[in-house]
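> One predicted model, sequence on top.
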Amino acid sequence: MRTILAALLLVLVSPDVYRSFAAAQQPGASWSADIAEIRRAANLIPGAKPVRINFVKFAASLRTKNFSVQGAPTIPSVQARTAFQVMYPDSYVMVDAGMDQTVHDFFGRGTKEPYDAAAAAEVAKAVAGARMILVTHEHGDHVAGVIRGPQAAQLAPKTILTRAMVDILTTKPQMPEIQLTAEQARRFIVVDYEKYLPVAPGIVLIKSAGHTPGSQMVFVALASGREYLLIGDATWHMDGVREVKGKAAPWVTEDVNAVLDQLRWLNQLSKTDANLVIVASHDEEQHADLVQKMLLTNRFELR
Ligand SMILES: [Zn+2]
């Protein structure tokens, strides 16, 4: 106790000490997470756990692998644009919300990239029928579906955004089309949390600023015991996790050190936790592999 008081006194009397203490808590300090704590958090909310995860690919970017993984060869590597559906016995939760063609065209930068209007309509339908909507981060290909379009006002009250996401979306969104007004922002459920936030039986948000300030991973524990980590864009290709290598895309501005910390953590988990399936939003090769292994289903169940 005396030590704590002494430390407190030191902090109070010495602005320099206070500043350096505060600096150590800032983003840029090393990122880490504890899978045991995450599992505990996944058990906090009572109720039946989810039973499976579905996804739909609604668009793609035709890039080469060297952009996704530092040092990778310049070979074609399709970036699938996807949304995920976490199925419960009686309802479902969406992770990411798709995007309309206008936002899609922004990503193509003038080139025509594949956009599957029928699949995008499926995503819009799934989002409309969801009990709750979560997003991995505030980029257009993940969040536009709850910001734009005729159903946006109905979707916002069942969509959880973080304070960091809303700050970016209102002040410096990835593209003008997804900018939120203060009035629109108020319609969402906006949360702030330190490290982990349980939001439904078996589902925990993991704060992972890095790719963007509002990035988070979504941990899902199924009733079967199988576990998933939907890592959003921490990497675009799972080789980023396998080799602990970040992106090399000149148009991406991210906290490289935080992303590398996350890749290191994921790499470690991939070696120690065989029951945990790490899923990157955009890795088409991985998605195909997981579908084949029956660890993901590539169609939505709409009710
Ligand atoms: Zn993305």
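On my side now, so go ahead.

> Any idea how many residues pack against residue 175?
14 (other Cβ atoms under 10 Å). Heads up, the C-betas are built off the backbone N, CA and C, glycines and all.

> Next, work out how far apart it and residue 78 are.
Look at residue 175 and residue 78: by Cβ to Cβ, to the nearest Å, they are 22 Å apart.

> just residue 243 next, same as before
Applying Cβ to Cβ to residue 243 and residue 78 gives a distance of 19 Å.

> again with residue 292
To residue 78, residue 292 is 16 Å away according to Cβ to Cβ.

> can you give me the helices in the protein?
For the chain, the helices defined by DSSP state H cover 2-13, 15-24, 35-42, 65-68, 101-108, 117-129, 140-147, 152-155, 163-171, 182-185, 239-243, 256-272, 284-292.

> rank the ones you listed by mean pLDDT and give me the bottom one.
Ranked by mean pLDDT, the helices of the chain bottom out at helix 15-24, which scores a mean of 38.

> mind checking how far residue 225 is from the ion?
29 Å (Cβ to the ion, to the nearest Å).

> Settle this for me: that residue is touching residue 275, isn't it.
Yes - with contact defined as Cβ atoms under 8 Å, residue 225 and residue 275 form a contacting pair (6.7 Å).

> anything in contact with each of the two?
Common neighbours of residue 225 and residue 275, using Cβ atoms under 8 Å, 6 or more residues apart in numbering, do not exist here.

> ok, the closest residue to residue 35 other than its chain neighbours - contacts?
Nearest-residue entry for residue 35: residue 269, 6.2 Å, with adjacent residues in sequence omitted and distances by Cβ to Cβ, 6 or more residues apart in numbering. Listed by Cβ under 8 Å, 6+ apart, the contact set of residue 269 reads 35, 229, 276, 278.

> Ramachandran coordinates for residue 254?
When read as degrees, to the nearest 10, the backbone of residue 254 gives phi -140, psi 170.

> Could you report the pLDDT at it?
Predicted confidence (pLDDT) for residue 254: 95.

> Now it: closest residue in space that isn't a chain neighbour?
residue 211 (4.9 Å).

> Retrieve the pLDDT associated with the residue nearest the centre of the chain.
With distances taken as Cα atoms, centre = their mean, residue 136 lies nearest the centre of the chain, 2.1 Å away. We have a pLDDT of 98 for residue 136.

> Surely it and residue 212 touch.
No - Residue 136 lies out of contact with residue 212 (Cβ under 8 Å); the separation is 9.3 Å.

> list the residues that contact both of the two?
residue 233.

> picking up where we left off before, contacting residues around the residue nearest to residue 254?
Contacts of residue 211 by Cβ under 8 Å, 6+ apart are 137, 232, 233, 234, 252, 254, 259.

> quick one: it and the ion, what's the gap?
8 Å.

> next one: phi and psi at that residue?
Torsion angles, degrees, to the nearest 10, at residue 211: phi -60, psi -40.

> how close does the residue nearest to residue 35 sit to residue 218?
Taking Cβ to Cβ, one finds residue 269 at 14 Å from residue 218.

> do residue 271 as well
21 Å.

> now do residue 178
20 Å.

> Residue numbers of the stretch 151-300 of the chain in contact with the ion?
Within reach of the ion by Cβ under 5 Å from the ion, the stretch 151-300 of the chain has these residues: residue 233.

> Pick out the residue in the stretch 151-300 of the chain sitting closest to the ion.
residue 233 (4.4 Å; Cβ to the ion).

> ok, how many other residues are close to that residue?
Neighbour tally, residue 233, other Cβ under 10 Å: 24.

> Now do the contacts for the nearest residue to residue 60 once chain neighbours are set aside.
Of all residues not flanking residue 60 in the chain, residue 114 sits nearest, at 4.6 Å (Cβ to Cβ, 6+ apart). Residues in contact with residue 114 (Cβ under 8 Å, 6+ apart) are 59, 60, 62.

> Next: residue 122.
56, 58, 299, 300, 302.

> Over to residue 124?
98, 145, 149, 151.

> quick one: the last one and residue 126 touch, right?
No - in terms of Cβ under 8 Å, residue 151 does not count as a neighbour of residue 126; the distance is 11.6 Å.
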